[in-house]
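Student: I would like to see how this sequence folds:
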Amino acid sequence: MHEESAPPVSRWPADLALAVVFLTRLPLRLSGPPAEDAHARAMGWFPLVGAGVGLFGGAVYALAALAHLPPLPAALLALGAMVWVTGALHEDGAADVADGFGGGRDKTRKLEIMRDSRVGSYGVLAIVFSVAVRAAALAALAEPRAVIPALLASGALSRGGMAAIARLMDPARA
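Tutor: The predicted structure is shown next:
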C-alpha cells in the first residue's frame, strides 16, 4: 500500500517523528524523505511534542528542587534544559522577529533582517527579557507540582500556536 493511499492512522508515527525532528534536537532519524504534505500533517503533533519539551523542563525543575536549589536557579536550569532540547528554536525566532521589527522600516527590509543569521541588539534584548520573564514566572510558582503543569501547558500551547499561525496566516514570502 502506498503512503498516499494509506489510512491516516498509519501515517501517525512518521508524522510524529517529523514533528520531533523539526521541533527538537533529539537524534531521531526519519525512515525516508517526507511526503509532500508531511510537514502540514506533522503540525498536528506540535502540541504533543511541546508538552514533551515542557515535561523535560519540569523534570529538571523537580530534580533541582529535590537538590534544594532555590526556585530561581531551578527555573533557569529548567529553561536551559528546554532550550538545549529544542536547539533554541523559539529563542532564535523571537530574536529574528525583534531584530526585524526593531530595525526594519518596511516589509522587505524586515524580512531581510530576519533572514540574516546575525543577532542584533533588539534580538539579544528579546532573548534576555523572554528568559527573565519566564524564569521569574516559574520561580513565583515555586512548587514543582505547579511548575510541571505550567511547563506542560505552555509547551503544548506555544507549539500549537505555531501550527495555528501557519494555517491561518499567509506566508510573508512567496
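Student: Which residue is the nearest non-sequential neighbour of the residue positioned nearest the centre of the chain?
Tutor: Of all residues in the chain, the one closest to the mean position by CA atoms, centre = their mean is H90, 4.8 Å from it. Among residues not flanking H90 along the chain, S158 sits closest, at 6.8 Å (CB to CB, 6 or more residues apart in numbering). Every C-beta, even on glycine, is put in place using the N, C-alpha and C of the backbone.
Student: now do A51
Tutor: Leaving aside its chain neighbours, A51 sits nearest to A156 (4.2 Å; criterion: CB to CB, 6+ apart).
Student: The protein: strands as residue ranges?
Tutor: Here the chain has no strands by DSSP state E.
Student: where in it is pLDDT low?
Tutor: Applying pLDDT under 70 to the chain picks out residues 1-7.
Student: Run the chain-centre distance for the longest helix along it.
Tutor: Looking across the chain with DSSP state H, the single longest helix is helix 144-168. Using CA atoms, centre = their mean, to the nearest Å, the mean C-alpha position of helix 144-168 is found 9 Å from that of the whole chain.
Student: okay, now the residue nearest to H90: neighbour count?
Tutor: 15 (other CB atoms under 10 Å).
Student: How about G80?
Tutor: Around G80 there are 14 other residues, counting by other CB under 10 Å.
Student: residues touching it, list them.
Tutor: V60 (CB atoms under 8 Å, 6 or more residues apart in numbering).
Student: try K110
Tutor: 100-101, 103-104.
Student: Then L30?
Tutor: By CB under 8 Å, 6+ apart, the residues touching L30 are 14, 17-18, 21.
Student: Tell me which residues touch the spatially closest residue to M82 that is not a sequence neighbour, please.
Tutor: What sits nearest to M82 in space, not counting adjacent residues and going by CB to CB, 6+ apart, is G57, at 4.0 Å. G57 makes contact with 78-79, 81-82, 151, 155, according to CB under 8 Å, 6+ apart.
Student: now G57: how far from G161?
Tutor: Using CB to CB, to the nearest Å, we find G57 at a distance of 17 Å from G161.
Student: Tell me, how many residues neighbour A35?
Tutor: Neighbours of A35 under the rule other CB under 10 Å: 16.
Student: Now do the phi/psi pair for it.
Tutor: The phi and psi values for A35, taken as degrees, to the nearest 10, are phi -60, psi 160.
Student: Start at 898, not 1
Tutor: Sounds good: first residue 898 from here, last item A932.
Student: Out of the contacts of L927, give me the one that has the most neighbours.
Tutor: L915 (22 neighbours).
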